[in-house]
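*Asks:* Provided below for reference: sequence and predicted model.
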Amino acid sequence: MQLVSGQKFVLTQLLQSTSELSVRVQVQASFEIDISSFGLGQHDQLYHDDYMTFYNQPKTPENEVQYFQQAQQHIFKLDLSQIDTEKTPRFVICATTDQTTLNYIQSIQVELVNAEQQVVAHYPLNSAHFQQEKAAMLCEIYFKNDAWRMAAVGQGFNGGLKALVEHFGGEVADETASPIENTVTQNHVPATTSTLDLKKKVVLDKIEKSAPQLLELTKKSLISLEKNNLLNVKARVALVLDYSGSMNQQYKKGDVQKVLDRIMPLAVNFDDDGRFECWAFAQHALRLSDVHLGNLKNYINTEQGGHKKWDAGARFNNEPAALNAVIDYFIQESPSDLPVYVVFISDGGVSETKKIKQILKDISNQAIFWQFVGIGGRNYGVLEQLDEMSGRVIDNCNFFAMDNIDSMPESQLYDLLLNEFPMWLKAAQQKNIIK
């Protein structure tokens with residue numbers, strides 16, 4: 001069934017079961033459009049920040065709504081049986097952009113999909129539906145008179161996301177407050193609100209809820225991310241830890257745990273699932289459990305029985321084994337359209353120069369960026385020569401060193417971690433390595 005703007009209907013007209021359904025939004029545009037869901041409560045106000053669902057917060061607290069993205073398709077899976085209609089009787093699917101106006105789209109197609117993955121209704125929109133709007137309500141799923149219903153809306157907002165948030169009852173915080181202060185004000189949205197402001201707020205809310213000890217670190221990471229135009233970047237994050245014998249003291253003193261703590265805010269911001277893959281390496285590469293907010297605390301001393309029990313073979317450096325393990329995972333075992341940002345920790349003693357160079361050259365045509373970091377060591381060998389390494393499609397790696405994890409201010413650390421990643425992203429796009 002094709003829908004027109006303003007059309008409303010009871011879902012049981014088209015669905016045998018309304019317990020599970022999906023709303024799929026397909027976007028065709030030359031610029032980025034964010035698609036999100038707002039869970040509304042009484043008086044059509046956003047029930048809570050947890051009920052704004054999009055790529056950086058892909059599910060609501062009880063999994064009532066789950067978000068997935070496949071290329072240009074944005075999918076919201078709804079389990080209506082799990083929704084408390086006294087709390088959130090209405091979910092609105094919206095489109096927003098910070099780059100231009102919606103009248104420059106090619107098309108937006110909203111589809112209602114049943115549990116058997118069949119499209120039972122579709123709502124086509126094109127540039128003629130919009131003028132100078134930067135945001136639009138596309139459709140809504142809502143509960144009224146004891147029945148779940150759908151409405152095709154197509155209503156735009158000239159003020160963009162700010163107008164949209166205000167429409168849903170968001171309050172405007174003091175414009176004189178700093179951007180970071182604004183984003184952590186409970187239930188307030190800054191007057192200069194944008195998609196990026198809301199993403200910062202989501203990140204800070206997640207950290208404050210699950211790892212409040214990282215809140216100050218996260219604020220510093222957000223400043224560096226914004227400075228490098230990376231707040232809107234979607235990427236997978238990975239961490240590789242040197243587990244050679246010379247690293248023993250850094251594990252015992254807690255320095256390696258501090259590395260994980262500093263990487264986590266980056267993962268929460270632009271990793272596709274808010275976690276990062278992790279390896280330790282000595283003679284062999286050892287795949288560890290993914291790191292996330294739920295297991296971050298004391299990870300080094302608890303993962304696989306604690307670092308003292310990790311089995312990575314003899315405790316000498318074998319960087320090629322680690323590089324190949326990461327490459328095999330992201331290229332063969334778990335491929336994705338997203339770029340990969342790898343932080344590779346070493347305390348020096350790097351050998352196997354020829355093998356390392358060849359691996360980095362061979363992988364330079366793939367969507368993996370390598371940020372090597374030297375901590376508390378010496379003799380970094382080939383890692384200090386990366387800028388001079390020829391024979392690559394694009395420059396795919398960077399290196400810097402510090403005396404120890406506490407010797408460098410966190411703000412400077414984040415600046416160095418993120419300094420070359422945006423340049424690589426641009427080069428990779430120009431070479432069609434990433435889309």
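*Replies:* Ah, there it is.
*Asks:* okay but residue 300 is in contact with residue 306, surely?
*Replies:* Yes. Applying Cβ atoms under 8 Å as the test, residue 300 and residue 306 come out as touching, 7.4 Å apart. All C-beta atoms are positioned from the backbone trio N, CA, C, and that covers glycine.
*Asks:* okay, these two: which has more neighbours?
*Replies:* residue 300 (22 against 13; other Cβ atoms under 10 Å).
*Asks:* Low-confidence stretches in the stretch 51-200 of the chain?
*Replies:* 159-160, 170-197 (pLDDT under 70).
*Asks:* Please, where are all the strands along it?
*Replies:* For the stretch 51-200 of the chain, the strands defined by DSSP state E, counting those that start in this stretch cover 52-53, 65-70, 73-79, 90-96, 107-113, 119-125, 135-144, 147-157, 171-173, 188-190.
*Asks:* any idea which residue of this protein is furthest from its center?
*Replies:* residue 145 (37.9 Å; Cα atoms, centre = their mean).
*Asks:* any idea how far it is from residue 14?
*Replies:* Relative to residue 14, residue 145 is positioned 18 Å away (Cβ to Cβ, to the nearest Å).
*Asks:* What of residue 164?
*Replies:* Distance, residue 164 to residue 14, using Cβ to Cβ: 28 Å.
*Asks:* With neighbour numbers in mind, choose between the two.
*Replies:* Legend: neighbour count by other Cβ under 10 Å for residue 164 and residue 14, higher for residue 164 (25 against 16).
*Asks:* Is the more buried one in contact with residue 157, as I believe?
*Replies:* Yes. Assessed by Cβ under 8 Å, residue 164 is found in contact with residue 157 at 5.1 Å.
*Asks:* Ramachandran coordinates for the closest residue to residue 279 other than its chain neighbours?
*Replies:* Leaving aside its chain neighbours, residue 279 sits nearest to residue 240 (4.9 Å; criterion: Cβ to Cβ, 6 or more residues apart in numbering). Phi and psi for residue 240, reported as degrees, to the nearest 10, are phi -120, psi 130.
*Asks:* and residue 240, how far is that from residue 37?
*Replies:* 35 Å.
*Asks:* repeat for residue 359
*Replies:* The value you get for residue 359 to residue 37, if Cβ to Cβ is used, is 42 Å.
*Asks:* Between those two, point out the one with more neighbours.
*Replies:* Neighbours were counted for residue 359 and for residue 37 using other Cβ under 10 Å; residue 37 has more, 26 against 19.
*Asks:* Next, count neighbours for residue 262.
*Replies:* When neighbours are counted by other Cβ under 10 Å, residue 262 comes out with 20.
*Asks:* what's the offset of the helix or strand hosting it from the middle of its chain?
*Replies:* Element membership of residue 262, judged by DSSP states H and E, is helix 255-270. Put simply, helix 255-270 sits 14 Å off its chain's centre (Cα atoms, centre = their mean, to the nearest Å).
*Asks:* Next, the contact list for the closest residue to residue 417 other than its chain neighbours, please.
*Replies:* Nearest residue to residue 417, sequence neighbours excluded (Cβ to Cβ, 6+ apart): residue 371, at 6.0 Å. Shown in contact with residue 371 (Cβ atoms under 8 Å, 6 or more residues apart in numbering): 341-344, 397-399, 417, 420-421.
*Asks:* and residue 86, how many neighbours?
*Replies:* 9.
*Asks:* Likewise for the one 3 residues further on?
*Replies:* With neighbours defined by other Cβ under 10 Å, the count for residue 89 comes to 19.
*Asks:* And the helices in the stretch 151-300 of the chain, which stretches?
*Replies:* 161-167, 179-183, 195-210, 215-227, 248-252, 255-270, 299-302 (DSSP state H, counting those that start in this stretch).
*Asks:* for the third one, packing partners?
*Replies:* Which is helix 195-210. Here helix 195-210 touches helix 161-167, helix 179-183, strand 188-190, helix 215-227, helix 255-270, going by 3 or more Cβ pairs under 8 Å, 6 or more residues apart in numbering; DSSP states H and E.
*Asks:* let's go with 7 Å and repeat that
*Replies:* Helices and strands touching helix 195-210, by 3 or more Cβ pairs under 7 Å, 6 or more residues apart in numbering; DSSP states H and E, are helix 179-183, helix 215-227, helix 255-270.
*Asks:* Low-confidence stretches in the stretch 251-400 of the chain?
*Replies:* Counting by pLDDT under 70, the low-confidence segments of the stretch 251-400 of the chain come to 272-273.
*Asks:* Can you pull the domain assignment for the protein?
*Replies:* 8-169, 227-430 (automatic domain parsing).
*Asks:* Mind putting those domains into CSV with distance to residue 202?
*Replies:* Below are those laid out as CSV (distance: least, Cβ to Cβ, whole Å):
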stretch, distance to residue 202
domain 8-169, 5
domain 227-430, 9
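*Asks:* For the helix holding residue 262, list the C-alpha coordinates in CSV.
*Replies:* Written as CSV, here are the backbone C-alpha positions of helix 255-270 (Å, rounded to 0.1, in the frame of the first residue of the first chain):
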residue,chain,number,x,y,z
ASP,A,255,49.2,2.0,33.2
VAL,A,256,47.7,-0.4,30.7
GLN,A,257,44.3,-0.1,32.3
LYS,A,258,44.6,3.6,32.0
VAL,A,259,45.2,3.2,28.2
LEU,A,260,41.8,1.4,28.0
ASP,A,261,40.1,4.1,30.0
ARG,A,262,41.4,6.7,27.6
ILE,A,263,40.3,4.8,24.5
MET,A,264,36.8,4.1,25.7
PRO,A,265,35.4,7.7,25.2
LEU,A,266,36.5,7.5,21.6
ALA,A,267,34.8,4.2,21.1
VAL,A,268,31.6,5.4,22.7
ASN,A,269,31.6,8.4,20.4
PHE,A,270,32.3,6.9,17.0
